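[1] Just to be clear, the model below is a prediction. Sequence and coordinates:
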There are 2 protein chains.
Amino acid sequence: MNAAVIMAGGSGTRFWPKSTKSYPKQFQRLFGEKTMLQETADRLEGFVDPDNIMVVTNKNYLPIVRNQLPDARDEFLIGEPVAKNTAPCVAAAAALLYREDPDSVMIVLPADHRIGRPDKFQEVLDCAVRTAKGKECLVTIGIEPAHPETGYGYIKYDQSAETVDYGMSSFRVDSFTEKPNLKKAKAFLESGNYLWNSGMFVWKSEVILKAFERYMPELYQLTQTLIRSNGSAEDINRFYKACPSVSIDYGIMEKAEEVEVLPGRFDWSDVGSWTAVHELSEKDSDGNVTGDVPVSMKGSTGNLVQSESGKLVALVGVDNLAVVETENAILVVNLEKAQDVKKVVEDLKSDPDKKKYL
Amino acid sequence: MNAAVIMAGGSGTRFWPKSTKSYPKQFQRLFGEKTMLQETADRLEGFVDPDNIMVVTNKNYLPIVRNQLPDARDEFLIGEPVAKNTAPCVAAAAALLYREDPDSVMIVLPADHRIGRPDKFQEVLDCAVRTAKGKECLVTIGIEPAHPETGYGYIKYDQSAETVDYGMSSFRVDSFTEKPNLKKAKAFLESGNYLWNSGMFVWKSEVILKAFERYMPELYQLTQTLIRSNGSAEDINRFYKACPSVSIDYGIMEKAEEVEVLPGRFDWSDVGSWTAVHELSEKDSDGNVTGDVPVSMKGSTGNLVQSESGKLVALVGVDNLAVVETENAILVVNLEKAQDVKKVVEDLKSDPDKKKYL
């Protein structure tokens, strides 16, 4: 069977006040009708039956996930008792899927990415699934870099080791790299053999388990216990308590030998801030993004407005701002300083009188 | 008796969304605890008994005035059926006060001005009242100009015609001028014999009625009818229906001969926009004015925040903005473009779907 593992554990602070600890980004409608989790699930249509979509998230978010993906199977909603980065998440999911079907193919996707052309994504995904089924390898989807981004990791690939087995080029991965500085990022772009690391992977559960056996043997042992268990919440808890906090990139991808990368040529973003929401949204002729909010804009360009209160939002003579209203806060942020929203969250955390606004 | 006539008829659009047609600026708390009308009345303490304060306003605003000035006499709350500028307002008030006491002195004040040093204002007011009682003249309070403002009218005075009858200098007025352009305003400032026209006047009701007799004889006839009437709402309505729409400056002050001006040396503003509210308010060390609003300010200076919803307002990396939240709207305006708030109001007036936000 084809299964998906949507990693939805994040609890970011960059989208305050909309994204909060109790309702983080991946469960929010940042772009319109659907939440990011729902959009991620929708992109799997035709590849994975809705009841074969597994979601791994903090256990506190399980009711939200159930609500947003009503077709999901209860035993496929994995509540992490504690965040342990991506390797344990992938390992637990692989164990539970292997337990169900040793031939299962896993499509691993972060829940909070934005993809501009779902059709182009699905072309690559199709090839990735065929590749993962056709040979014993780990497949990752890289993104043709659009600019020398310093906020993403990169994948270096070997252009000479190209294969065109399933209608698209795939390449042997040379190495995974950390987020570069600007100079390095520019050099990566110029060299032409780097892709952005999207964190999207496709592999057979059997193959990734073999990789854990080789590169993270202790975690592998825990997967074997989980495979033999009932897969209950207590079994999951026991697994998470025992396992280390390591990323799949560091724990497996950087070390594994048989890694193939497929270059994705679609718009993609990990939506790291309000700036990205503005960039990725459809704009009016003044570059403003206002969605369904009633607005009156006078001499104002390049702004993002989000509010669900029904209030009119009027912007006069202001440019490049995000104005976000929620039930208990109003944020006005310069889109060039959007990363500083986390400073507000720190402020609220440290002030007992203001904690209620988190 | 000493009486005051507070002119509170304005229905400005420059303080939307806080100031609305149904609750304009003079009835708003733009600066703190008290409304501008209440602050205007408070400044008269020691000069005028609370029940000798007359308020002239649009008849729709009478309930607001009654609520904000509970000590006011009902027959001294004059409801205009239609706005006819300041000359009819002064004429009606003069008639009603003359009817009550032919020796009455009228202190005429706009309801929506901000005065920084009430003690200094009262020094000038004291001298103005003595001057108006001591000789048959019209007294106006001018303001030492602080900068070449193009938004105010100016009073040219004759420095050689100085008298120091009541402890302060007063001067014979040479002429009243319209709002100048910047070049003219600068020349006015340099010449040293111009003052800002504050729209504050002191005179005996008998003396201003004589001036109406001479310069606006038709309006004078209407005052005589009003003096002989009961001063009922119907009498007022009849008066307003018949009278022309003319300012007291144009109708009387620019023509009258015996006009004295007293230079006021206190901070004064007609509070023409959100910019003025910011300028006239106490600021924190970053130049922000936030009052009682819960805020989190990160790298943000020179802003004005007003909200009564209890929501946290967070500003990140933004300067010189006004952020104003009311029950049905949020305004974010560049303080250098605050005059353009009226464009929002025009927008809302012309759009049937948005009228509810006015």
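    That came through fine. Residues are numbered from 1 along each chain as shown, chains lettered A, B, ... in the order given.

[2] Please count neighbours and contacts with C-alpha atoms only from this point.
    Will do.

[3] Low-confidence regions, chain A specifically.
    Judged by pLDDT under 70, chain A has no weakly predicted residues.

[4] Return the nearest residue of the stretch 101-250 of chain A with respect to chain B.
    residue A:151 (20.5 Å; Cα to the nearest Cα).

[5] Find the nearest non-adjacent residue to that residue, please.
    Of all residues beyond its chain neighbours, the one nearest residue A:151 is residue A:179 (5.9 Å), with distances taken as Cα to Cα, 6 or more residues apart in numbering or on different chains.

[6] Ok, residue A:169 next?
    Nearest in space to residue A:169, with sequence neighbours left out and distances taken as Cα to Cα, 6+ apart, is residue A:163 at 5.7 Å.

[7] Let me see the ranges of the strands in the stretch 101-250 of chain A.
    All strands of the stretch 101-250 of chain A, identified by DSSP state E, counting those that start in this stretch, fall at A:105-110, A:114-115, A:138-143, A:154-163, A:170-177, A:194-204.

[8] would JSON lines of the ones you listed with mean neighbour count be doable?
    Formatted as JSON lines, these follow (neighbours: other Cα atoms under 10 Å in any protein chain shown):
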{"stretch": "strand A:105-110", "mean neighbour count": "25"}
{"stretch": "strand A:114-115", "mean neighbour count": "20"}
{"stretch": "strand A:138-143", "mean neighbour count": "25"}
{"stretch": "strand A:154-163", "mean neighbour count": "18"}
{"stretch": "strand A:170-177", "mean neighbour count": "21"}
{"stretch": "strand A:194-204", "mean neighbour count": "25"}
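
[9] These: which one's closest to residue B:23?
    With Cα to Cα as the measure, strand A:114-115 is the member of the strands of the stretch 101-250 of chain A nearest residue B:23 (45.2 Å).

[10] hmm, who's touching the longest helix seen in chain A?
    When chain A is parsed with DSSP state H, its longest helix is helix A:118-134. By Cα atoms under 8 Å, 6 or more residues apart in numbering or on different chains, the list of residues contacting helix A:118-134 from outside reads A:43-44, A:47, A:105, A:107, A:115, A:137-141, A:165-168, A:202-204, A:262-266.

[11] same check, this time on stretch A:157-176
    Contacts of stretch A:157-176 (Cα under 8 Å, 6+ apart): A:124, A:127, A:130-131, A:153-156, A:193-195, A:197, A:249, A:253-254, A:258-263.

[12] okay, now the domains of chain A?
    Domains of chain A are assigned by automatic domain parsing as A:2-268, A:274-357.

[13] So which bits of the stretch 251-358 of chain A are right by chain B?
    By the rule Cα under 8 Å from any Cα of the partner chain, the part of the stretch 251-358 of chain A lying against chain B is A:294, A:296-298, A:310-318, A:327-334, A:337-338, A:340-341, A:343-344, A:347-348, A:357.

[14] Run a quick check on residue A:341 versus residue A:13, I expect a contact.
    Yes. Between residue A:341 and residue A:13 there is a contact at 7.4 Å, judged by Cα atoms under 8 Å.

[15] what about the helices in chain A?
    Using DSSP H, helices in chain A cover A:36-42, A:62-68, A:86-100, A:118-134, A:182-191, A:205-215, A:217-228, A:233-242, A:248, A:274-280, A:341-350.

[16] between the longest one and strand A:138-143, how big is the angle?
    Following axes from the mean of the first three to the mean of the last three Cα atoms, to 10 degrees, one obtains 160 degrees for the angle between helix A:118-134 and strand A:138-143.

[17] how many other residues sit next to the nearest residue to residue A:181 once chain neighbours are set aside?
    Take residue A:181 and drop its neighbours on the chain: the residue closest to it by Cα to Cα, 6+ apart is residue A:150, 5.7 Å away. Counted with other Cα atoms under 10 Å in any protein chain shown, the neighbours of residue A:150 add up to 16.

[18] Quick check: residue A:150 vs residue A:275, distance?
    15 Å (Cα to Cα, to the nearest Å).

[19] ok, now residue A:350?
    26 Å.

[20] Can you give the distance from the longest helix of chain A to the centre of its chain?
    Offset of helix A:118-134 from its chain centre (Cα atoms, centre = their mean, to the nearest Å): 17 Å.

[21] Kindly report the same for stretch A:208-226.
    Counting by Cα atoms, centre = their mean, stretch A:208-226 comes out at 23 Å from the chain centroid.

[22] What are the buried residues along that stretch?
    Residues of stretch A:208-226 classed as buried by neighbour count (16 or more other Cα atoms under 10 Å in any protein chain shown): A:208-209, A:211-213, A:215-216, A:219-224, A:226.

[23] Ok, stretch A:232-252 next?
    A:233, A:236-237, A:239-240, A:243, A:245-249, A:251-252.

[24] before we move on, the earlier item: what is the neighbour count of the residue of the stretch 101-250 of chain A closest to chain B?
    15.

[25] that older thread, just grab the bridge partners of the residue nearest to residue A:169 for me.
    residue A:170 (DSSP bridges).

[26] What about the residue in the stretch 1-150 of chain A that chain B sits nearest to, how many residues nearby?
    For the stretch 1-150 of chain A and chain B, the shortest gap (Cα to the nearest Cα) falls at residue A:17, measuring 9.1 Å. Using other Cα under 10 Å, residue A:17 has 24 other residues around it.

[27] any idea how far residue A:161 is from it?
    For residue A:17, the distance to residue A:161 - Cα to Cα - is 47 Å.

[28] Likewise for residue A:284?
    For residue A:284, the distance to residue A:161 - Cα to Cα - is 44 Å.

[29] which residues does residue A:206 contact?
    Here residue A:206 is in contact with A:94, A:98, A:102-104 (Cα under 8 Å, 6+ apart).

[30] Report the contact partners of residue A:343.
    When the contact criterion is Cα under 8 Å, 6+ apart, the partners of residue A:343 are residue B:298.

[31] one step back: counting neighbours, go ahead and name the busier of residue A:350 and residue A:275.
    A direct count of neighbours by other Cα under 10 Å for residue A:350 and residue A:275 places residue A:275 higher, at 21 against 11.

[32] so who does that one touch?
    Counted by Cα under 8 Å, 6+ apart, residue A:275 has contacts A:322, A:335-336, A:338.

[33] let's see it at 10 Å
    Residues near residue A:275 by Cα atoms under 10 Å, 6 or more residues apart in numbering or on different chains: A:303-304, A:320-322, A:333-339.

[34] Bridged to the residue nearest the centre of chain A, which residues?
    The residue lying closest to the centre of chain A (Cα atoms, centre = their mean) is residue A:110, at 2.5 Å. Listed by DSSP bridges, the beta-bridge partners for residue A:110 are residue A:7.
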